[in-house]
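Visitor: Any chance you could fold what I've pasted below:
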Amino acid sequence: MKSIALIPARYAATRFPGKLMQKLGDKTIIRHVYENTKSTLLFDEVMVVTDSDIIFNEIVQNGGYAVMSREKHESGSDRIAEAVADMDVDIIVNVQGDEPFVKKEPLENLLNAFEDDPTQKTEVASLMFIIADEQIIHNPNHVKVVVDKNSNALLFSRSAIPFQRDKNVKPVYYKHIGIYAYRKKALMNFTQWEITPLESIEKLEQLRYLENGIKIKMVLTDESSLSIDTPEDYEVAKKLIGL
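Guide: Here you go, the predicted structure:
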């Protein structure tokens, strides 16, 4: 099974423009993501897909592999779909460009969701972990997911889901980690669908799969990876590496 990791990297992030070029220690955030993903040795290829000459040069000039996307895209999935359209590959892993602390074990578990599925019913998979911090649960910058008994996603939301109607029943809250794996056909189909109503409301591209009837297998992990969405997240990341 041939698998590749692609890292969509947009320079002009809405909440934190230029965040991927911010330094963590002696490296930029995007270099941390690329090099940490590469060092797992899980993939036949790792590449950054970007619309930015600045990010492209940052990767290539430091010995990495990057490609420029030719078109403007609404989502990271659309961007990497352009890059893999003519590639012979089975599984594509979308590693977010703002996840500088990405580790091997969660990525390996994600790939295993496909390795352990001889019937090939799993088309899309992603990661989640249990959260108890009330600030995270109610923070719209942290996406939550609810799942069925087979760990397939039922809904993603920026709201706290499930809603605790009965105070005597303790809910389990899962935070979604925005790293995805797809069979190539599922990813290419995604790019042909219109933006769906829930996706438009929540600004969460994974809802497009659910609204088109595609299940997303959620893989539980203990790794509470930090994504850098805001300047506040960046300050937390610097503290994590002792800055």
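Visitor: what about stretch 203-218, start to end distance?
Guide: 19 Å (C-alpha to C-alpha, to the nearest Å).
Visitor: Just the buried positions in it, please.
Guide: For stretch 203-218, the neighbour count (16 or more other C-beta atoms under 10 Å) marks 204-210, 214-218 as buried. C-beta coordinates here come from the backbone N, C-alpha and C atoms, glycine included.
Visitor: swap in stretch 83-99?
Guide: 83-84, 89, 91-99.
Visitor: for it, how far is the first residue from the last?
Guide: 20 Å.
Visitor: just to revisit the earlier point, between the buried residues of stretch 203-218, which is nearest Leu6?
Guide: Glu205 (14.7 Å; C-beta to C-beta).
Visitor: Just the buried residues of stretch 203-218: which are in strands?
Guide: In this view, these that belong to strands under DSSP state E are 216-218.
Visitor: now this structure, which segments are flagged as low pLDDT?
Guide: Residue ranges of the chain with pLDDT under 70: 14, 71, 224, 243.
Visitor: correct me, but Glu58 touches His32?
Guide: No: between Glu58 and His32 there is no contact under C-beta atoms under 8 Å: 11.3 Å.
Visitor: Helix, strand or coil: sort out the residue of the chain most remote from its centre for me.
Guide: Ranking residues of the chain by C-alpha distance from their mean position (C-alpha atoms, centre = their mean) puts Asn168 at the top, at 34.0 Å. In three-state terms, and counting by DSSP: H, G, I helix; E, B strand; the rest coil, Asn168 is coil.
Visitor: Next secondary structure element downstream of the longest strand seen in the chain?
Guide: Counting residues, the longest strand found in the chain (DSSP E) is strand 173-183. Remark: after strand 173-183, the chain's next helix or strand is helix 184-190, criterion DSSP states H and E.
Visitor: State the distance from Asp133 to Ala160.
Guide: 12 Å (C-beta to C-beta, to the nearest Å).
Visitor: out of these two, which sits in the busier spot?
Guide: More neighbours sit around Ala160 than around the other of Asp133 and Ala160, counting by other C-beta atoms under 10 Å; the figures are 17 against 12.
Visitor: My guess is Ile55 contacts Gly18. True?
Guide: No: using C-beta under 8 Å, Ile55 is not in contact with Gly18; the gap is 9.6 Å.
Visitor: got the buried residues for stretch 3-18?
Guide: 3-11, 13, 16.
Visitor: now do the same end-to-end measure for it.
Guide: Termini of stretch 3-18 sit 29 Å apart (C-alpha to C-alpha).
Visitor: Mind jotting down where the helices sit in this protein?
Guide: For the chain, the helices defined by DSSP state H occupy 29-39, 53-60, 76-84, 104-115, 134-137, 184-190, 197-202, 207-211, 231-240.
Visitor: Residues touching the fourth one, excluding its own?
Guide: What that stands for is helix 104-115. Helix 104-115 is contacted from outside by 1, 3, 5, 37, 39-40, 42, 90-91, 93, 95, 120, 122, 125-127, 177, 179, 181, 183, 217, 219, 221, 223, 225, using C-beta atoms under 8 Å, 6 or more residues apart in numbering.
Visitor: Quick one: work out the angle between that helix and helix 29-39.
Guide: Orientation check (axes from the mean of the first three to the mean of the last three C-alpha atoms, to 10 degrees): helix 104-115 against helix 29-39 gives 60 degrees.
Visitor: And Lys104, how far from Glu199?
Guide: Distance, Lys104 to Glu199, using C-beta to C-beta: 31 Å.
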